[in-house]
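Chemist: Please find the sequence and the predicted model below.
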Amino acid sequence: MEKSFKRIKNYNVSVKEIDNKVIFLRKLERGGSEHSFGIHVAKMAGMPKSIVKRANDILHQLEADNRQQGIAKPTAEIASGRSGMQLSFFQLDDPVLSQIRDEILNLDVNNLTPLEALNKLNDIKKIVKGK
């Protein structure tokens, strides 16, 4: 987008990679990044290991296909080979999840105080626990 719009500038956060681990240096640098660190961030954020592993598997497959074909494999082809199914939180018929959905949808997050937000989160936690 930087090439298409004169007011847009591309920056990235500088990183250092050590032993397949990423350290974010908290320094903005001009330009794009050589790599995407989304999988590293997901791992650091505590995403389940199975999800991180699956993301790594997909990344390695995309990279291998790109090296062989010069273009990436279509996303639909990757999706058709995946195991499991991603469920939408807001389309489940579970009455507890419907209640949680309603609680969240009725929140005016722009006008909640931090204390009110914590109390609301605690209320939702009680709904999940069935109390």
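Modeler: Thanks, I have the structure now.

Chemist: Flag the shaky bits of the chain, pLDDT-wise.
Modeler: By pLDDT under 70, the weakly predicted segments of the chain are 69-93, 131.

Chemist: can you give me the helices for it?
Modeler: Assignment of helices within the chain using DSSP state H yields the ranges 38-44, 49-69, 75-80, 95-105, 114-129.

Chemist: Can I get these in a markdown table including distance to Lys9 and mean neighbour count?
Modeler: Just so you know, the C-beta spots here come from the backbone N, C-alpha and C atoms, and that holds for glycine as well. Putting those into a markdown table (distance: least, C-beta to C-beta, whole Å; neighbours: other C-beta atoms under 10 Å) gives the following:
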| stretch | distance to Lys9 | mean neighbour count |
| --- | --- | --- |
| helix 38-44 | 21 | 15 |
| helix 49-69 | 27 | 12 |
| helix 75-80 | 28 | 10 |
| helix 95-105 | 35 | 13 |
| helix 114-129 | 33 | 11 |
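
Chemist: how close does Asn111 get to Ile127?
Modeler: Distance of Asn111 to Ile127, computed by C-beta to C-beta, to the nearest Å: 22 Å.

Chemist: can you list the helices of the chain in CSV and add distance to Arg30?
Modeler: Output for the helices of the chain, formatted as CSV (distance: least, C-beta to C-beta, whole Å):
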stretch, distance to Arg30
helix 38-44, 21
helix 49-69, 26
helix 75-80, 30
helix 95-105, 39
helix 114-129, 35
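
Chemist: closest to Val13 out of the ones you listed?
Modeler: For the helices of the chain, distance to Val13 was read as C-beta to C-beta. The smallest value, 10.5 Å, belongs to helix 38-44.

Chemist: For that closest one, name the packing helices and strands.
Modeler: When contacts are defined as 3 or more C-beta pairs under 8 Å, 6 or more residues apart in numbering; DSSP states H and E, helix 38-44 packs onto strand 21-30, helix 49-69.
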